[in-house]
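[1] A structural model of the following input is requested.
(one chain, ligands or ions: 1)
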Amino acid sequence: MDLGLGGKVALVTAASRGIGRAVAGADVAICARGRDALDEAVAALRGHGVEAVGIPADVATAEGVTDVVDATVERFRRIDVLVNNAGEAWSGRMLETSDEQWASCLDINLYSAVRFTRAVVPHMRRQGGGRIVNISTVGAHSPIGGLVDYEAAKAALLTFSKTMAGELAADNILVNSVCPALIHTPLWDRLADGMIPAMGATREEVFHRLATQFLPVGRFATPDEVSGLVVFLASSRATFIAGVAYDVDGGCTRSIL
Ligand SMILES: NC(=O)c1ccc[n+]([C@@H]2O[C@H](COP(=O)([O-])OP(=O)(O)OC[C@H]3O[C@@H](n4cnc5c(N)ncnc54)[C@H](O)[C@@H]3O)[C@@H](O)[C@H]2O)c1
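    Reported below is the predicted structural model:
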């Protein structure tokens, strides 16, 4: 099927694994901190006939963002799509969080998207338009608790997306958000491992209990079940959608929150 991404160049942050890795289709620049995982992801994308480049960088820093955008433009000469996928969650109840944890959390979950948007928009304007998709979470509008800094940062990302949608639509740059929940990626392996002592269960049992308790569909999603929507929003098929946040959550926020 034509995904409407032919001839486009996409920059996907934090894409060596998880949801980011599942977002492909255009020529693509991906970045992550670890060189080995990045090389493996690039090889897999090339194996699917995608022209891909991997750029090692810490995108929680201003220098990392600049390096990634410069390397992408040097390689492909344009950027049509930006997917701000980088994100990290640590468990956090308010009184246990420090200023340092809040600063790190805001750097990766909010400022990374702000800095990439600032760096990429001039290229999109010059090219006559583009698409930006920000990966937030359902916790941004329906917090589950215990992730206070992460959910606050992702809520700010949602508002940032809506503001950018208004500011950039006249330049034919369409900005939208996707709010996933309970997607089985390394992020959830980490969170599930943290629940093992309290639940007195194995990792598999933790996943099973969470899925049956919170998800009407009865299972966690795969990264591919999120990437289809991201690819659509990034494509030339989505020409009249701006400032919207879409939940990809197996119905969980409709049924329990
Ligand atoms: N998995 C879920 O259920 C879920 C739910 C809601 C939102 N999300 C969001 O989806 C996005 C992708 O998450 P995922 O589940 O694939 O997570 P993941 O942990 O599997 O992948 C996150 C990626 O971010 C990268 N990353 C983190 N900090 C980085 C940094 N400073 N510089 C460069 N790369 C960095 C990691 O290396 C990794 O490649 C995140 O923004 C996350 O908050 C995920």
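[2] could you point out the longest strand in the chain?
    strand 173-180 (DSSP state E).
[3] Spell out which residues of the stretch 51-200 of the chain are next to the ligand.
    58-60, 85-89, 108, 135, 137, 180-183, 185-188 (Cβ under 6 Å from any ligand atom). C-beta here means a position set from N, CA and C on the backbone, and glycine is covered the same way.
[4] Just the buried residues from those residues, in PyMOL please.
    Buried subset of those, written as a PyMOL selection, criterion 16 or more other Cβ atoms under 10 Å:
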select buried, resi 58+59+60+85+86+87+88+89+108+135+137+180+181+182+183+185+188
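[5] mind listing which of the residues of the stretch 51-200 of the chain next to the ligand are in strands?
    135, 180.
[6] ranges for the helices of the stretch 1-150 of the chain?
    Along the stretch 1-150 of the chain, counting by DSSP state H, counting those that start in this stretch, helices occupy 18-22, 35-47, 62-76, 99-106, 112-127, 148-168.
[7] Would you reformat the ones you listed as a markdown table and include mean neighbour count?
    Conversion of the helices of the stretch 1-150 of the chain to a markdown table gives the following (neighbours: other Cβ atoms under 10 Å):
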| stretch | mean neighbour count |
| --- | --- |
| helix 18-22 | 24 |
| helix 35-47 | 15 |
| helix 62-76 | 18 |
| helix 99-106 | 15 |
| helix 112-127 | 19 |
| helix 148-168 | 20 |
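[8] want to throw the ones you listed into JSON lines with distance to residue 142?
    JSON lines is the format used below for these (distance: least, Cβ to Cβ, whole Å):
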{"stretch": "helix 18-22", "distance to residue 142": "19"}
{"stretch": "helix 35-47", "distance to residue 142": "31"}
{"stretch": "helix 62-76", "distance to residue 142": "29"}
{"stretch": "helix 99-106", "distance to residue 142": "19"}
{"stretch": "helix 112-127", "distance to residue 142": "20"}
{"stretch": "helix 148-168", "distance to residue 142": "9"}
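[9] Residue ranges in the chain under the pLDDT threshold?
    1-4, 20-25, 255-257 (pLDDT under 70).
[10] Residue nearest the middle of it, spatially speaking?
    Centroid-nearest residue in the chain, with Cα atoms, centre = their mean: residue 85, separated by 2.1 Å.
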